[in-house]
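> Just the structure for this:
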Amino acid sequence: MAEMKDLFQSADWKAEKHVPVIEAAGKAKKQEPIQVTVSVGKEIAHPNTTEHHIRWIELYFHPQGEKFPYQLGRFEFASHGESIQGPNTSTVYTQPVASCTFKTDKPGVILASSYCNIHGLWQNASGLEIE
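As a prediction, the model looks like this:
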């Protein structure tokens, strides 16, 4: 039986359109807001059609020395061109980009995962230093 951790794929986001790209300051100050933006398809655009789209992105922060990460947010993308007339008949398409802000006293790792309805689960991580 497969375990959840074995289902996540990763790659260089500059060459693979499914990898969530994490954008945040590499260094932050204790208890000052840290803005994080995560997107899918930064270098190579990901399709956003009824048949092929990013369904959601999740964002976590894993503080150094702690056992578990904290979930910062889950962002769902619900409009992929579908309407009552059928697939790709709407002019409304949600782009897989999300942003949130958090504070921390500890350095750690920002983790992101995303789900493509055709190509499955993807992940990425980025370190965060605290001054």
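> C-alpha from now on. contacts and neighbour counts both.
OK.
> helices or strands next to the helix or strand bottoming out on mean pLDDT in the chain in the packing?
In the chain, no helix or strand scores lower on mean pLDDT, DSSP states H and E than strand 27-28, which sits at a mean of 86. If contacts are counted by 3 or more CA pairs under 8 Å, 6 or more residues apart in numbering; DSSP states H and E, strand 27-28 sits against strand 120-130.
> In this structure Y70 contacts Y60, no?
Yes - between Y70 and Y60 there is a contact under CA atoms under 8 Å: 5.4 Å.
> circling back to that earlier point, right, and the helix or strand after the least confident helix or strand of the chain?
From strand 27-28 onward toward the C-terminus, using DSSP states H and E, the following helix or strand is strand 34-40.
> Now that following strand: average pLDDT?
Here strand 34-40 scores 96 as its mean pLDDT.
> Now do that strand: distance to the chain's middle.
On the basis of CA atoms, centre = their mean, to the nearest Å, strand 34-40 sits 8 Å off its chain's mean C-alpha point.
> picking that back up, neighbour count for Y70 and Y60, which is higher?
More crowded of Y70 and Y60, by other CA atoms under 10 Å: Y60, with 18 against 13.
> re earlier: neighbouring strands - and their directions - for the least confident helix or strand of the chain?
Sheet pairing of strand 27-28 (DSSP bridges) gives strand 120-130 (parallel).
> Pull the number of nearby residues for the nearest residue to N88 once chain neighbours are set aside.
Counting by CA to CA, 6 or more residues apart in numbering, G81 is the residue found nearest to N88 once chain neighbours are left out, at 4.2 Å. Other residues within reach of G81, judged by other CA under 10 Å, total 18.
> For R74, give me its contacts.
By CA atoms under 8 Å, 6 or more residues apart in numbering, R74 lies in contact with W56, I57, E58, L59.
> In this model V97 seems to touch the last one, though I could be wrong.
No - L59 is beyond contact range of V97, at 11.6 Å (criterion: CA under 8 Å).
> Alright, that wraps it up for me.
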